[in-house]
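1. Build the 3D model from these lines:
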Amino acid sequence: MLYLILSILGSVSVGILFKFSKKTNANIMQMVLLNYIITVLLSYFNFNVELNQLSLNLPILTIILLGLLLPTIFVVQYLSIFYSGIIRTDIAQRMSLFIPILAAIFIFKEQISTQRYIALFIGLASVYLILQRPNSVSETLSENKKNIIFPLLTFIGFGVIDILFKQLALYSEVPYTSSLFYVFFSALILTLLYYFIITIYKRNSLFTVNKNTLVYGILLGVLNFINILFYMKAHQVFAQSPTTVFAGMNFGVIILGTLIGYFGFKEKLSKQNLIGLALVIVSILVILI
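-> Down below sits the predicted model:
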């Protein structure tokens, strides 16, 4: 259970870190870049990756797609927390579990139970309710669009990433930890390339990194790795009961994220939001029954 708690704390702490970093002069692209430098180093030393035994059987396409999506979703998550808060962003991230169900129905043509259809309907209804802003919050039309778009992109982005990670886990020719290292490495290379292009385009200095960016970037890498490492360890401990990890992670992040957002950052919740939050819990329970 300790591994699961540490994974939950790592996941929620990323949101808190983004919230605090927005109040400083930290550069989000440099933060993401530093994050992947740290993540690559930590995974290399913790997963005992043998670089001299690079397999030609690596799932290259899946690794490249994840390498593109992971840094992108970090920026989207950062913007979602800024415009919509930790509560809505964490819930949108956790509700992304329904994207693989939609993919199973419409892409992979799998037969799913009536129970999962019900959970899907409840889950999508909850996403709609959670995206609604309290009436007391005044905002321009542009702000309202951003409040909806970024949590929605978080929802879709993490869902697609979940599908790709599941495909990676099913690939048995290469150890999962090795594939994971190459995912982080490709994310680092692609983030570095994107950073060079943006920096040259804006004519900024490539190597000027302020103290806040350095601190937040390193912390982001450590927290991101903690989240992934202990989530994997929790699945190993509860190998005979994966639903325990699934339920614990989703409930833990939603409840802790809501408490921190509401009491720590004074984020407002309307009656619609609270109903949506309750429906999130119901939909996850329906999947687990």
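
2. Show me the shaky parts of the chain.
-> When residues are selected by pLDDT under 70, those of the chain lie in 52-56, 133-144, 204-206, 241-243.

3. can you map out the strands along it?
-> Applying DSSP state E to the chain gives no strands.

4. and the longest helix for it?
-> Of all segments of type helix in the chain, defined using DSSP state H, the longest is helix 60-95.

5. Sort out which residues of it are buried, please.
-> Buried positions in helix 60-95, judged by neighbour count with 16 or more other CB atoms under 10 Å: 62-67, 69-95. Any C-beta I mention is one placed from the backbone N, CA and C, and that applies to glycine too.

6. swap in stretch 207-217?
-> Of all the residues in stretch 207-217, those buried under the rule 16+ other CB under 10 Å are 209, 212-213, 215-217.

7. Please list the members of those that lie in helices.
-> Reading helices off those with DSSP H, I get 212-213, 215-217.

8. Closest to Thr191 out of the residues you listed?
-> Closest approach to Thr191 among these (CB to CB): Gly217, at 11.2 Å.

9. that older thread, of the buried residues of stretch 207-217, which is the nearest to Leu190?
-> The nearest member of the buried residues of stretch 207-217 to Leu190, counting by CB to CB, is Gly217 at 16.5 Å.

10. Enumerate every residue touching the closest residue in space to that closest one that isn't next to it in sequence.
-> Nearest residue to Gly217, sequence neighbours excluded (CB to CB, 6 or more residues apart in numbering): Leu34, at 2.8 Å. Contacts for Leu34 were tallied using CB atoms under 8 Å, 6 or more residues apart in numbering; they are 209, 213-214, 217-218, 220-221.

11. Tell me how far Leu34 lies from Val49.
-> 20 Å (CB to CB, to the nearest Å).

12. before we move on, back to that, what's the spacing between the longest helix of the chain and its chain's center?
-> For helix 60-95, the separation from the chain centroid amounts to 5 Å (computed by CA atoms, centre = their mean, to the nearest Å).

13. what packs against that helix?
-> helix 2-21, helix 28-47, helix 114-130, helix 141-170, helix 176-202, helix 242-259, helix 271-288 (3 or more CB pairs under 8 Å, 6 or more residues apart in numbering; DSSP states H and E).

14. what about the residue lying closest to Phe246 once chain neighbours are set aside, neighbour count?
-> Among residues not flanking Phe246 along the chain, Leu288 sits closest, at 7.3 Å (CB to CB, 6+ apart). Counted with other CB atoms under 10 Å, the neighbours of Leu288 add up to 14.

15. ok so, going back, please convert the buried residues of stretch 207-217 to a markdown table, extending it with distance to Tyr182.
-> As requested, the buried residues of stretch 207-217 are exported to a markdown table (distance: CB to CB, whole Å):
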| residue | distance to Tyr182 |
| --- | --- |
| Val209 | 26 |
| Asn212 | 30 |
| Thr213 | 26 |
| Val215 | 28 |
| Tyr216 | 26 |
| Gly217 | 21 |
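
16. out of those, who's nearest Val282?
-> Tyr216 (36.0 Å).

17. Go ahead and confirm that closest one touches Ser21.
-> Yes. Here Tyr216 reaches Ser21: they are 4.5 Å apart, a contact under CB atoms under 8 Å.

18. what sits in contact with each of the two?
-> By CB under 8 Å, 6+ apart, the residues touching both Tyr216 and Ser21 are Met31.

19. list the contacts for the residue nearest to Arg116 when sequence neighbours are not counted?
-> Leaving aside its sequence neighbours, Arg116 sits nearest to Ile101 (CB to CB, 6+ apart; 5.9 Å). Taking CB under 8 Å, 6+ apart, we find Ile101 in contact with 112, 116, 119-120.
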